[in-house]
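Colleague: whatever this is, show me its structure:
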Amino acid sequence: MSTDLATKIDLGLEELATVREQISPLIAESSSPEVGAMETAAASAMLHSFYTEIEKILKLIAREWDGHMPPSDRWHRELLNQMAAPTNTRPPVVSSDLVGVLKEFLAFRHLFRGASVALMRWDKLVPLVAKVDQTYLQARQARLSRRPAP
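Modeller: Presented below is the predicted three-dimensional model:
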């Protein structure tokens, strides 16, 4: 991994930390059975941003370290699988457990991009909102935040 790639990953992780910090008041609300439309809309947008920040980092690794992105229409899912598999030049970037959780965030991201925020329901968002902290910690601990030994 080049120093430039490591710097870009670090910047991506900083952005991810910012999104996590911004969503933290909503994480505290995740035990509430119902919240208002503004909180639901905010949670939807922040969950979208949270996953998008992780995906940006994975795309950087795929392009700059692996030298390629998945070529199909299903590249989002295939990117997660690519990052879970070792290559000749790197170990797995994320665990299969983390891939499973990220696929949940990806499914939500696709829903969010195709549906009106007015259709989002808090009770459907709560499970993902509750997973933000643990997913963030797993992403920080994953190989995407580690630099190889010189």
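
Colleague: which stretches of the protein form helices?
Modeller: 3-28, 37-61, 75-84, 96-114, 122-141 (DSSP state H).

Colleague: how about those, which one is nearest residue 90?
Modeller: helix 37-61 (7.9 Å; C-beta to C-beta). All C-beta atoms are positioned from the backbone trio N, CA, C, and that covers glycine.

Colleague: and that closest one, which residues are buried?
Modeller: 39-40, 42-51, 53-55, 57-61 (16 or more other C-beta atoms under 10 Å).

Colleague: count the neighbours of residue 125 for me.
Modeller: Other residues lying near residue 125 total 21 when counted by other C-beta atoms under 10 Å.

Colleague: quick one: residues contacting the spatially closest residue to residue 63 that is not a sequence neighbour.
Modeller: Excluding the flanking residues, the one nearest residue 63 by C-beta to C-beta, 6 or more residues apart in numbering is residue 69, at 6.0 Å. Residue 69 makes contacts with 59, 62, 63, 75, 79, as judged by C-beta atoms under 8 Å, 6 or more residues apart in numbering.
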